[in-house]
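Colleague: what follows is a protein structure lacking sequence information:
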Ligand SMILES: [Zn+2]
Ligand SMILES: [Zn+2]
């Protein structure tokens with residue numbers, strides 16, 4: 001389960017996101033589940049690099065309404081609930 005404010009990363013392409021609105025879907029990148037950041041251990045070194053809360057690119061899942069922000073953007077394809085997440089443009 002995702003929790004608001006929790007960060008996830010992709011082990012393959014190193015894409016990193018933060019959950020801004022929790023959904024029931026599982027976040028997938030590069031075809032595999034994204035890993036939760038923040039636990040102590042082997043990831044501790046670079047997870048602490050998340051010091052500047054700059055605005056990421058918002059994405060949303062149309063199915064479970066999970067919202068995330070991409071903090072480190074890569075070419076990896078983000079999926080949730082089995083489909084690509086939609087880039088949520090800030091349009092008014
Ligand atoms: Zn979803
Ligand atoms: Zn990836």
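Modeller: Yep, it's here. Being a predicted model, the structure only gives us computed values, none of them experimental. Numbering: from 1, shown residues only. Ligands and ions are numbered 1, 2, ... in the order given.
Colleague: residue 75: how many residues sit nearby?
Modeller: Using other Cβ atoms under 10 Å, residue 75 is surrounded by 7 other residues. C-beta here means a position set from N, CA and C on the backbone, and glycine is covered the same way.
Colleague: and for the one 5 residues further on?
Modeller: Residue crowding around residue 80 was assessed by other Cβ under 10 Å; the count is 27.
Colleague: surely it is in contact with residue 64?
Modeller: Yes: at 6.5 Å, residue 80 counts as touching residue 64 under the criterion of Cβ atoms under 8 Å.
Colleague: residues shared between the contacts of these two?
Modeller: Residues touching both residue 80 and residue 64 (Cβ atoms under 8 Å, 6 or more residues apart in numbering) are 23, 25.
Colleague: so residue 59, which of the three states?
Modeller: Following DSSP: H, G, I helix; E, B strand; the rest coil, we place residue 59 in the strand state.
Colleague: find the nearest non-adjacent residue to it, please.
Modeller: residue 85 (4.1 Å; Cβ to Cβ, 6 or more residues apart in numbering).
Colleague: same question for residue 13.
Modeller: The nearest residue in space to residue 13 (Cβ to Cβ, 6+ apart) is residue 76, at 3.6 Å.
Colleague: who's in contact with the one you found?
Modeller: Contacts for residue 76 (Cβ under 8 Å, 6+ apart) come out as 10, 12-13, 15, 29-30.
Colleague: ok, whichever residue of the chain sits closest to ligand 1 - contacts?
Modeller: Nearest residue of the chain to ligand 1 (Cβ to the ion) works out as residue 25 at 2.5 Å. Each residue near residue 25 by Cβ under 8 Å, 6+ apart is listed here: 2, 61, 63-64, 66, 80-81.
Colleague: who wins on neighbours among these?
Modeller: residue 80 (27 neighbours).
Colleague: so how far is ligand 2 from that residue?
Modeller: Distance, residue 80 to ligand 2, by Cβ to the ion, to the nearest Å: 13 Å.
Colleague: what do you get for residue 8?
Modeller: Distance of residue 8 to ligand 2, computed by Cβ to the ion: 10 Å.
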